[in-house]
Every structure is written in structure tokens, then in C-alpha cells.
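Enquirer: Kindly generate the corresponding structure for this input.
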Amino acid sequence: MPLEPFIFIIVAGLFAWRWHLWAAKRAIAAWQEKLETEIVDRRQIEQELAHMASFAEMAPNPIIEFLPGDKIAYMNESARELFPELSAGDLKHPLFDGLDVIVEKMRTETSLIHSRVLELKPRMYDERICLLNRGRVRIYLSDITELKRLDQLKTDFVNMTSHELRTPLTSIQGMVQVVVSGMAGEVNETQRSSLNIALRNIERLSRLINNLLDISKIEAGHMTLNLEAVNMAELARQVRDTFLPLVRERRLELRLQVPADLVLTVDRDRLIQVFTNFMHNAVKFTRAGTITMMVESQATQVRCTVADTGPGIAPAQLPRLFGKFQQAGTLSATDERGSGLGLSLCKSLIELHGGTVWVESELGQGTRFIFTLPRNG
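Expert: Numbers count the residues shown, from 1 in each chain. Here you go, the predicted model:
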């Protein structure tokens, strides 16, 4: 038998073996390159994780992690320095008072963050509670002692200034009214017009001072409500009658929709103050159309609405409208600018009654200030 076929088979096998060897080397090289890339990536990830972990350790504010009912799992350097007694992992420290109840409520409501003010004399802290995976809880502490002190100084200054201004302002208002009435002598029309302008500005300043004092009382927890049974239809008519002359002067239509027999236990004067503020805004900003006061009786609450057909409020301004010294950018029909305190005060007064308040508005479609009051008072 000739040798050529055997030689061909051997040569072909050698070539196949060399090709497989070359392919294997290529595969090993590619795998090695991929492995080296993964190792580099893993090292970079480990460095990033170590860098991120250092944030907590280097943070100036205390950070503590713990397992509810178990032990403290982590404390950063700031926490260890500020609360050395926690190094033993004791969960009986005042930092953790009531946290079990808060954490359970957060889990029930699927809330991830909760904040509360914590007083650990002589310091005060803003404590933020965060839920982590595997049942862990992390708390962040911010020292707000100085902020609270400055806030108290501001409140004391506002109270003192407001009280000092109220007495002379009342005297000035009384004297201007005497002059306008002609009791101090004859007054011509030009003088009367100027005095009326002064009187309106005195009344505006007086409202501002009263609002400042009321807000200070609420913030200090000194505001008390004089609750009594009030017929809502009578209260609404009283507010309406106050604004009827101004509404007629501006040729607006004022509608009243209130059940005749609805009685609520509220502070009459404070509720009139709320309605008056909302009505004042509605009249101030509405150039033409209708203003509606509406009270609706519901199952567990009463819904009150003051709606107008004014220019409306931009959506971006709605979330901060009830903040102190906040104003809508819309110009009033008389270009009158308010103090930005009225809506904040209304919100506080409604919440003191156990109710809620919000605003609905569309540009060009008008605004609706809505609040609810509990039926059980």
C-alpha cells in the first residue's frame, strides 16, 4: 500500500492539531484579557465602595445604624465622640426613645424617612430616621441648638416690636378717624381723600401686626380656641355683609351656598378671620365675574370653599403659597401687595381646629381655597 495517504493523514492531523492549539491559545488569551478587565473593574468598584463608605465615617454629623430591639450595628466617628456611652451598643439611650413605634408605623405606611426634633439637654437635634434593607434603621443627627436659639430671638423680637407698635398705631388710627369725621374741624374733600388713604394704610399695618402676633402665639403654643356652637349660615352671612359694599363697587357677583341648619363647634372669631382672609384675596384679585362662598356637609367633616373667577395662580407657586411671607406673582385688581402672612395664619388656625387646607387653581380659570373642619369639633 502506498505511503502517500498515510503521510497526508498525518500532515492533515498535525495541521488540525496546530489549528486547535492556536484557537485554544486565542480563547485562553481572550479569557485572560476579560478576566484582567473584570479584576480591574472589581478593584475600581471596591475603591468606589470604600470611598463611599468613608463619607459616613468622615461626616461631621452623627450617623448610627441599629437593628430594632437588638443592637447598634454601626456608629461613625462623630457619633462615637458625641455619644461615647453608646459604644456598648445600648439601645436604652434617649436617642432611641419611641423609635420602635415610629419604625413600625413607617413600615406600615411604607415610608422611608421620618424626621423629629429631639431634645438632649443642653442640645437640640433634628433626628432623621431612615429604613434600610434587612430590617436595619439608620439615624442622622443634626445639631439645631443654635438655629432654635436664633429662631427664639426672632420670635421675641417680633413679639416685642408688634406689642410696642400696636398702642401708638391704635392712637393714630383713632385721631385720624376723628379728623375724617369732621369732629376736629371742617375738612374739605381733598383733605378727606388723603386722610382716607392714610386710614386704609393704618388699618393694613394694624392687620399685619395682629397677624404677626397671632403667628407668634401659634408657634409658641400659646394660641387657645374659644370653642362654641356656631351656625355656619349666620357666620357666612356675616362675612358676606362685610364685603358686599366692596363687591358692589367692583361690580362683582357674590354667591353664598351654605346649609341653613348646619352647626359646628368652632372658634367663631378665628373662623371669621379665615373666611375674611380668603374673601379678601378673592375680591382683591378678581377683576370681573363671580366670588362664591360654599359650605358642604359631609360624613365626618365639613368642606368650605371660597372660589373666584380671577386670573389664577401658576402651578409652580401653589406648593409654597401657605408659607410665611410668600405671595402669588399675580397682580391684584388694585395692584395692592399683601404681607404674605395671611394664608400662613389661616393654615395654622384651620389645623388648630383639626382640619386641613389646600388651594386649587388654573391660570385664567380662577382659584379655589378649600379647607375642611371635623364635624365633631
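Enquirer: So, low pLDDT: which residues of the stretch 201-350 of the chain?
Expert: By pLDDT under 70, the weakly predicted segments of the stretch 201-350 of the chain are 324-340.
Enquirer: What are the boundaries of the helices in it?
Expert: 232-249, 268-285, 342-352 (DSSP state H, counting those that start in this stretch).
Enquirer: possible to save these as JSON lines with distance to L86?
Expert: Any C-beta I mention is one placed from the backbone N, CA and C, and that applies to glycine too. JSON lines is the format used below for the helices of the stretch 201-350 of the chain (distance: least, C-beta to C-beta, whole Å):
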{"stretch": "helix 232-249", "distance to L86": "55"}
{"stretch": "helix 268-285", "distance to L86": "46"}
{"stretch": "helix 342-352", "distance to L86": "36"}
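Enquirer: Adding distance to E362 and mean neighbour count, write those out as a markdown table.
Expert: Output for the helices of the stretch 201-350 of the chain, formatted as a markdown table (distance: least, C-beta to C-beta, whole Å; neighbours: other C-beta atoms under 10 Å):
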| stretch | distance to E362 | mean neighbour count |
| --- | --- | --- |
| helix 232-249 | 23 | 15 |
| helix 268-285 | 14 | 21 |
| helix 342-352 | 18 | 20 |
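Enquirer: So what sits opposite the closest residue to P259 other than its chain neighbours in the bridge?
Expert: Distances taken as C-beta to C-beta, 6 or more residues apart in numbering place S297 nearest to P259, at 5.8 Å, with adjacent residues excluded. Following DSSP bridges, S297 is listed with bridge partners V302.
Enquirer: Would you confirm that S297 contacts L262?
Expert: Yes. Between S297 and L262 there is a contact at 5.6 Å, judged by C-beta atoms under 8 Å.
Enquirer: quick one: which of those two has more around it?
Expert: Using other C-beta atoms under 10 Å as the criterion, S297 and L262 rank with L262 on top: 17 against 14.
Enquirer: Just the buried residues of whichever strand or helix holds A73, please?
Expert: With elements taken from DSSP states H and E, the one containing A73 is strand 72-75. If you call a residue buried by 16 or more other C-beta atoms under 10 Å, then strand 72-75 has these buried ones: I72, M75.
Enquirer: who does it pair up with?
Expert: With DSSP bridges as the test, strand 72-75 is paired with strand 63-66 (antiparallel).
Enquirer: What are the contacting residues of the partner strand?
Expert: With contact meaning C-beta atoms under 8 Å, 6 or more residues apart in numbering, strand 63-66 is reached by 56, 72-76, 78-79, 86, 91, 95-96, 132, 136-141.
Enquirer: PyMOL command for the buried members of those residues?
Expert: A single PyMOL command selects the buried members of those (16+ other C-beta under 10 Å):
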select buried, resi 56+72+75+76+78+79+86+91+95+96+137+138+139+140+141
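Enquirer: now, which of the contacts of strand 63-66 lie within strands?
Expert: Of the contacts of strand 63-66, the ones assigned to strands by DSSP state E are I72, A73, Y74, M75, V137, R138, I139, Y140, L141.
Enquirer: okay, among these, which ones form the most distant pair?
Expert: A73 and L141 (16.2 Å; C-beta to C-beta).
Enquirer: Now do the strands in the protein.
Expert: 63-66, 72-75, 113-120, 123-131, 137-143, 227-231, 253-257, 263-267, 290-297, 301-308, 356-362, 366-374.
Enquirer: Output those in CSV; the columns should cover distance to E33.
Expert: Formatted as CSV, these follow (distance: least, C-beta to C-beta, whole Å):
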stretch, distance to E33
strand 63-66, 40
strand 72-75, 39
strand 113-120, 45
strand 123-131, 42
strand 137-143, 41
strand 227-231, 80
strand 253-257, 78
strand 263-267, 78
strand 290-297, 73
strand 301-308, 70
strand 356-362, 61
strand 366-374, 66
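Enquirer: and the gap between A307 and A233?
Expert: 18 Å (C-beta to C-beta, to the nearest Å).
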